[in-house]
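# Show me the folded form of this:
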Amino acid sequence: MISSLPLGVLKAGKVKFLPELPLVYQQSINNIGNGYADKLYVSFKKPFWGNRSGWLSFVTKSKSSNFPVAFIVPSPDKYLLIFFVSGD
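Numbering: from 1, shown residues only. The predicted structure follows:
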């Protein structure tokens, strides 16, 4: 059997495996940290990106290696970007 449970579910111990997972797997699950990822939908009156489509990348003054990216939602009458931001 193959399982693709979220890390938080595995860490919470809400799922029991029979036979139990090997100790090295249990320790690995407990030692993996969780980060965060946010998704933000932003609507604009005018498209500052012109008539481009696809992904936009942004460079910031932050020294972090995590840069926000956005996806242009194709629509003839709405100017919508979906931002994906993760990091510290």
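# can you tell me the helix or strand for L56?
Taking DSSP states H and E as the definition, L56 sits inside strand 54-57.
# Now F48: which helix or strand?
Assigned by DSSP H and E, F48 falls outside every helix and strand.
# what residue ranges in this structure score low on pLDDT?
Within the chain, the ranges that satisfy pLDDT under 70 run 62-67, 87-88.
# Tell me what the most centrally placed residue in it is bridged to.
Centroid check for the chain by C-alpha atoms, centre = their mean gives A37 as the closest residue, at 4.3 Å. In this entry, A37 is beta-bridged to S86, by DSSP bridges.
# for it, what are its contacts?
With contact set as C-beta atoms under 8 Å, 6 or more residues apart in numbering, A37 has these partners: 84-86. C-beta here means a position set from N, CA and C on the backbone, and glycine is covered the same way.
# Next: V42.
If you count contacts by C-beta under 8 Å, 6+ apart, V42 has them with 70, 80-83.
# Same question for F48.
Not one residue lies near F48 by C-beta under 8 Å, 6+ apart.
# Quickly note the distance from it to S86.
In this view, F48 and S86 are 23 Å apart by C-beta to C-beta, to the nearest Å.
# How far off centre is the longest helix along the chain?
Looking across the chain with DSSP state H, the single longest helix is helix 23-31. Taking C-alpha atoms, centre = their mean, to the nearest Å, one finds helix 23-31 lying 23 Å from the centre of the chain it belongs to.
# what comes into contact with that helix?
Here helix 23-31 makes contact (C-beta under 8 Å, 6+ apart) with 7, 10-11, 20-21.
# out of those, which is most surrounded?
L10 (19 neighbours; other C-beta atoms under 10 Å).
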